[in-house]
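Engineer: turn this into a model:
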Amino acid sequence: MIGALKIDSSDHVVELAPGVGRTAEILRLTQPASYTAIERDPKAGSTVRQILGDTDYVVFNRSAEATGLDDGSATVVFGEAFLTMQPEEKKKEILREAHRILRDNGRYGRRGTIRHDPHDGFFLIQSHRPPPGS
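Structural biologist: Purely as a prediction, here's the structure:
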C-alpha cells in the first residue's frame with residue numbers, strides 16, 4: 001500500500017492504528033517530511049516509538065476517530081486492516097476524521113471494507129474539498 005500512495009519527502013503522513021509498526025518501519029525508508037502514528041493501544045504505541053528510533057516522527061496514544069490533529073494537517077492518511085474490525089458507525093467516524101485531517105488533494109489509503117461486501121482490497125481515494133462558500 002505504501003508504494004501505491006507514492007509517499008515522498010514532501011509528505012506529511014498520518015498512520016491510523018499502526019499496530020506492531022511494520023508499516024512504520026517500511027515508511028521510515030521513504031523519509032516523509034513528517035510522520036504521525038495514532039495508536040489507541042499504549043503497548044503498540046511504545047513498540048512503534050522503538051521502531052521509529054531517534055527521529056522527529058511522533059506517536060500519539062489516541063483513537064483513530066479523535067486524533068486531535070489539526071484540520072488539513074496531512075497529505076497522506078492511511079491504515080491497514082483495522083477498519084474491518086470496527087462496527088459500521090465507528091468506521092464512519094474514523095473516515096470523517098481522516099477526511100478532516102487530510103489536506104485538499106491529499107491521499108487516503110486503507111485495506112479492508114467499509115461495508116461487508118466481497119471486495120476487500122486496497123483503496124486509494126484522492127481528497128477534493130469544495131471551495132469555501134460552495
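Engineer: longest helix anywhere in this structure?
Structural biologist: Assignment by DSSP state H gives helix 88-101 as the longest helix of the chain.
Engineer: tell me where the chain has strands.
Structural biologist: Taking DSSP state E as the criterion, the chain contains strands spanning 12-16, 34-38, 58-60, 74-79, 102-111, 122-126.
Engineer: buried residues, the first one. List them.
Structural biologist: By neighbour count with 16 or more other C-beta atoms under 10 Å, strand 12-16 contains the buried residues 12-16. Placement of C-beta: from N, CA and C, glycine included.
Engineer: which residues sit against it?
Structural biologist: 7, 23-24, 27, 32-38, 64, 67, 69, 73-79, 82, 94, 98, 101, 103 (C-beta atoms under 8 Å, 6 or more residues apart in numbering).
Engineer: what subset of these is buried?
Structural biologist: Neighbour counting by 16+ other C-beta under 10 Å classes 7, 23-24, 27, 32, 35-38, 64, 67, 69, 73-79, 82, 94, 98, 101, 103 among the contacts of strand 12-16 as buried.
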